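A.B. asks: Any chance you could fold what I've pasted below:
(one chain, ligands or ions: 1)
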Amino acid sequence: MNYFFEYSCNRCGLIFEASFVFAGPHIKQVCYGCNAYVKFFDKKLIPDVKEIKIKIWAVVSQDVSLIEAAKKQIGFIPANGLTEKIMYWRLYIYLLNQSKPKPEQISLL
Ligand SMILES: [Zn+2]
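C.D. replies: Numbers count the residues shown, from 1 in each chain. Modelled structure (predicted):
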């Protein structure tokens, strides 16, 4: 799985996809692991919903039930524009994090 914006955190050591939060009219990148501020992020660079959906589809191996469960977990709400992008982005990285092999699973490989 290739990340759109791989971020390596020098505070908690997590290497993961970029995580975004609203900061007034701006978008702020934070670490998914420790919530550390990374930078203000150019919202034009955030992929289109269509591209994010393609990634989500790959992450869940086309299992719609995983998407529905994740939507409940993150409080997904239908939206449009930038809010829609951020909603789908949250869904994407939530599922991405869930799909990561846990350390005990790695040892069984
Ligand atoms: Zn971190």
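A.B. asks: And Ser61, how far from the ion?
C.D. replies: Using Cβ to the ion, to the nearest Å, we find Ser61 at a distance of 28 Å from the ion. C-beta: built from backbone N, CA, C; applies to glycine.
A.B. asks: And what about Glu22, helix, strand or coil?
C.D. replies: That one is not Glu; residue 22 is Phe. The local conformation at Phe22, judged by DSSP: H, G, I helix; E, B strand; the rest coil, is strand.
A.B. asks: Is the closest residue to Ser19 other than its chain neighbours in a helix, a strand, or coil?
C.D. replies: Nearest non-adjacent residue to Ser19, counting by Cβ to Cβ, 6 or more residues apart in numbering: Tyr32, 4.1 Å away. Per three-state DSSP, the secondary structure class of Tyr32 is coil.
A.B. asks: which residues sit in contact with Tyr32?
C.D. replies: 14, 16-17, 19, 93, 97 (Cβ atoms under 8 Å, 6 or more residues apart in numbering).
A.B. asks: Which residues of the chain lie near the ion?
C.D. replies: For the chain, the contact set with the ion under Cβ under 5 Å from the ion comprises 9, 11-12, 14, 31, 33-34, 36.
A.B. asks: Filter those residues down to the buried ones and express that as a ChimeraX selection.
C.D. replies: Buried residues within the residues of the chain next to the ion, by 16 or more other Cβ atoms under 10 Å, are selected in ChimeraX with:
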select :9,31,33
